[in-house]
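In: model this:
(chains A and B)
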Amino acid sequence: MRSDTTSYLFGLIGVVIVAAITATWLPTLGIASSALLFLLPVLLVAARGGLGPALMTAAFGALAYNFFLLPPRFTFRIHGFDNLVSLFVLFAVALVTSRLATALKARESEASHRATANAEIAQFSALLARGEASDAVVAAMKWLADGYGEARFLSQGTLPEEGNGFSTLDLSAAAWAMHNGDITGHGSSVMPAADWTFVPLNPRRQSGTDLLAIARPVSGNTRDESGVLQLQGLARLLGQARDRIALDMERQARERLEDRDAFRRTLLASLAHDFRTPLTVVTGELAKLAHGDAGAANALAEAKRLDRMMNDLVGATRIESGALMPHIGAVDLVDVVSDAATSFDGQNPTLRLTQTVAADLPLVEADPVLLRHILTNLIDNATRHAISAVSIGAQDRDGSVILAVEDDGPGIPETDHGRIFERFSRIEGDDRSGGSGLGLAIAKGFADAMGMIISVEESGSGGARFCLVMPVRKIATP
Amino acid sequence: MTRILVVDDEPAIRRLLSGILERGGYQVELAENVREAISAVERSRIDAVLLDLGLPDRDGLEAISAIRTKHDVPIIVVTARDDTAEKIAALDLGADDYVTKPFDCDELLARLRSALRRSGKAGSADAVLTFGPVMLDTAHHRATCREEPVMLTPREFSVLATLMEAGGRILTHAAILERVWGKAHVGDIDYLRVVIRALRLKLEIDPSQPVLIRNEPGIGYRLMECPSSK
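Out: Numbering: from 1, shown residues only, chains lettered A, B, ... in the order given. Next up is the predicted model:
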């Protein structure tokens, strides 16, 4: 406004000066040159921008020209057509020049605005990239508060309570912004009466977005469209920075977990290895004494069980780590059963261990090592619960072979049948078990890995019968 | 006197093995690592090596190939690792047999005897093989078990002859398959299972509880000594 007043003033003064000069030296200058001189103030004022002052200067100039120079001089009477032409030219120059100047000015100011905005964005990105990501976000928020007004994050799904600086209208605007990903509130086209501007951090996310809330500028001015657009750009940068932090934290957490897992696995593997050295010495020395000494024989049996428990621990970590890759091939159950049963030879002289595996049973599909471990655990479990007999049998039924290990012990209550394969589960009131609590869980884990079904039922004698169902191997004839 | 080299970095295991071996009538030499083991084999006459795979200076598998390239001494691997692939690798590199810690000392001595027997008659391909109750006349393709003649198919005969030549040492499935069926069939373990089953029906007293042909899960087959005692 003020610049316009100055322009009017400039115009008046310019015309007065030109009028004075031309009026004084008219005989020397001649009428044509004098007319041209009146263009000068119009051009100058028009070039400052603003159509009004330019037209006023043109009109005033035309009047002065008419009054001081055109004959009859010192009257406003117009003679002839040429006077009208000069008037028209003055107006045309005023119009065109001021238009051009205004457009140029507008473009200039737009460019300078854009430069400021870009500089701001660059500064903001630099701020976000500096140092620890979470510190950078805090610094960026402070920068926003300094430049734009109080800034806060609003997380999705956790809208703040009313009062906290937010009115009901603010909160509705925030909810809208979160849900739709639009800018809302002060300065925007949605609920502009709100006191805060809510800018989505991740506007393109389908599931809704976190928000940047910026308070109305302290100056009390209304935030204009370019300010809001700028905020949108800044919020997007902030959103990206926060996504990176979230991703980083997720990766770090995962790495920590993996490290711990790997550590546990190696620890256990080397523990198992180190454990076997003393165990070898113990079993070796006990074996020398065991001939004829019931105590030493008992200790030997227990030492062997310790080794089985260690194998179970290693097996459990293999199952848990998902590192179990069964090598399925043709397996003769006669091999597996006789091998597993042999390791229990003489371990408990009061128990009768019978094997009834027909020599013409079809071959099965299994991993022989895992299958032996399963069977060892089932036999171990049975010998710990049996009163006098454990029997291992296998039967061919409908394209499957069912391997069964049964004991004549107290059996397992039917309510526990589902639970028995869980880790560390032992039946309540059972004080004779003495197992690691892992044996059956490992049997189940290995069976699962080979795609076999393991189950428990009541045996004929009231004890427990564990059954493992495996597929028959279709043999290509040699 | 037969000299056995015990290679193990654990003093307690060395003591245990020395005790077992000396009571078995062997003379014992000790080594703590691969370097000492190789120099012991170079320096003096060693009849068999008991080799731990987890040695401090070099991988035990390397030790097998290092000894094997120069010496034909029987090697029995004594390992604490329950790793089937490692055992097979050891056997493929030329180890004669293995025992897993904690081992049974009777079993260890049996393996040692088998390994020593192999080296005793290396090179001499006998026409008549005997092992326990079984006798094979390879020249005339005749077999007897407990003095009774047994009819064997050519494959069965060939598998049994292969096992008997090993004389109680473990043979990997792949080794037997290659020997009997040829290189193209080293993975066809089904063939072997079927033939072993047939052999058991003809040779074992109770084929459902075999004591002569013993399977080591995932590794291979061996013949067991004095099955009558079981």
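In: So which bits of chain B are right by chain A?
Out: Contact residues (C-beta under 8 Å from any C-beta of the partner chain) of chain B with chain A: B:10, B:12-13, B:15-16, B:19-20, B:54, B:80-82, B:84, B:101-105, B:155, B:181, B:188-191, B:193-197, B:200-201, B:204, B:207-210, B:214-218. To be clear about C-beta, it is placed using only N, CA and C from the backbone, and glycine gets the same treatment.
In: Could you pull out the strands in chain B for me?
Out: Along chain B, the stretches classed as strands by DSSP state E are B:3-7, B:27-31, B:48-52, B:75-79, B:97-100, B:128-131, B:134-137, B:142-145, B:148-150, B:171-172, B:213-216, B:220-223.
In: so residue A:356, which of the three states?
Out: Three-state assignment for residue A:356 (DSSP: H, G, I helix; E, B strand; the rest coil): strand.
In: residues in contact with it?
Out: Taking C-beta atoms under 8 Å, 6 or more residues apart in numbering or on different chains, we find residue A:356 in contact with A:391-394, B:208.
In: Out of the residues you listed, name the ones that lie in strands.
Out: Using DSSP E, the contacts of residue A:356 in strands are A:391-394.
In: Let me see the ranges of the helices in chain B.
Out: Applying DSSP state H to chain B gives helices spanning B:11-23, B:34-43, B:60-70, B:84-92, B:105-120, B:154-166, B:173-181, B:189-203.
In: Tell me which residue lies nearest the centroid of chain A.
Out: Compute the mean C-alpha point of chain A, and by C-alpha atoms, centre = their mean the closest residue is residue A:247, 4.9 Å away.
In: can you give me the offset of whichever helix or strand that one is part of from its chain's centre?
Out: Using DSSP states H and E, residue A:247 sits in helix A:225-290. Relative to its chain's centre, helix A:225-290 lies at 18 Å (C-alpha atoms, centre = their mean, to the nearest Å).
In: now check it, is it near chain B?
Out: Yes - shown here: helix A:225-290 in contact with chain B (C-beta under 8 Å from any C-beta) through A:273, A:276-285, A:287-288.
In: From the residues you listed, list the buried ones, please.
Out: A:273, A:276-277, A:279-285, A:287 (16 or more other C-beta atoms under 10 Å in any protein chain shown).
In: Widest-spaced pair of the ones in strands among the contacts of residue A:356?
Out: A:391 and A:394 (10.9 Å; C-beta to C-beta).
In: for the chain, which spans come out with low pLDDT?
Out: Looking at chain A here, since you left the chain open. For chain A, the stretches with pLDDT under 70 are A:1-3, A:49, A:78-83, A:157, A:206-207, A:323, A:424-436, A:476-478.
In: Please refer instead to chain B.
Out: Applying pLDDT under 70 to chain B flags the ranges B:120-126, B:226-230.
In: And it, what are its domain boundaries?
Out: B:3-124, B:127-223 (automatic domain parsing).
In: and the nearest residue to residue A:40 once chain neighbours are set aside, what is it in contact with?
Out: Among residues not flanking residue A:40 along the chain, residue A:18 sits closest, at 6.4 Å (C-beta to C-beta, 6 or more residues apart in numbering or on different chains). By C-beta under 8 Å, 6+ apart, residue A:18 lies in contact with A:37-38, A:40-41, A:61, A:64.
In: Inside helices: which ones of those?
Out: Cross-referencing these against helices under DSSP H gives A:37, A:40-41, A:61, A:64.
In: Look up how far chain A lies from the most centrally placed residue in chain B.
Out: Geometric centre of chain B, nearest residue: residue B:169, 2.2 Å, by C-alpha atoms, centre = their mean. Using C-beta to the nearest C-beta, to the nearest Å, residue B:169 is found at 18 Å from chain A.
In: and the residue nearest to the centre of chain A, how far is that from chain B?
Out: In this view, residue A:247 and chain B are 39 Å apart by C-beta to the nearest C-beta.
In: Report the separation between that residue and residue A:472.
Out: 50 Å (C-beta to C-beta, to the nearest Å).
In: Now name the helix or strand holding residue A:198.
Out: Using DSSP H and E, residue A:198 falls in strand A:196-200.
In: which residues are contacting that strand?
Out: Contacts of strand A:196-200 (C-beta under 8 Å, 6+ apart): A:154, A:165-166, A:170, A:173-174, A:176-178, A:181-188, A:209-216, A:223, A:228, A:231-232, A:234-235, A:239.
In: and the residues you listed, which are buried?
Out: A:154, A:166, A:170, A:173-174, A:176-178, A:181-188, A:209-216, A:223, A:228, A:231-232, A:234-235, A:239.
In: Can you flag which of the residues you listed belong to helices?
Out: A:170, A:173-174, A:176-178, A:228, A:231-232, A:234-235, A:239.
In: okay if I get these as a markdown table plus distance to residue A:382?
Out: A markdown table is the format used below for these (distance: C-beta to C-beta, whole Å):
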| residue | distance to residue A:382 |
| --- | --- |
| A:170 | 71 |
| A:173 | 71 |
| A:174 | 66 |
| A:176 | 68 |
| A:177 | 67 |
| A:178 | 62 |
| A:228 | 77 |
| A:231 | 74 |
| A:232 | 72 |
| A:234 | 71 |
| A:235 | 68 |
| A:239 | 62 |
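In: Run a quick neighbour tally on the spatially closest residue to residue A:268 that is not a sequence neighbour.
Out: Spatial nearest neighbour of residue A:268, chain neighbours left out: residue A:317 (5.0 Å); criterion: C-beta to C-beta, 6+ apart. Residue A:317 sits with 19 neighbouring residues when counted by other C-beta atoms under 10 Å in any protein chain shown.
In: Quick check: which element contains residue A:317?
Out: helix A:294-321.
In: quick one: that helix to helix A:225-290, angle?
Out: Angle, helix A:294-321 to helix A:225-290, by axes from the mean of the first three to the mean of the last three C-alpha atoms, to 10 degrees: 160 degrees.
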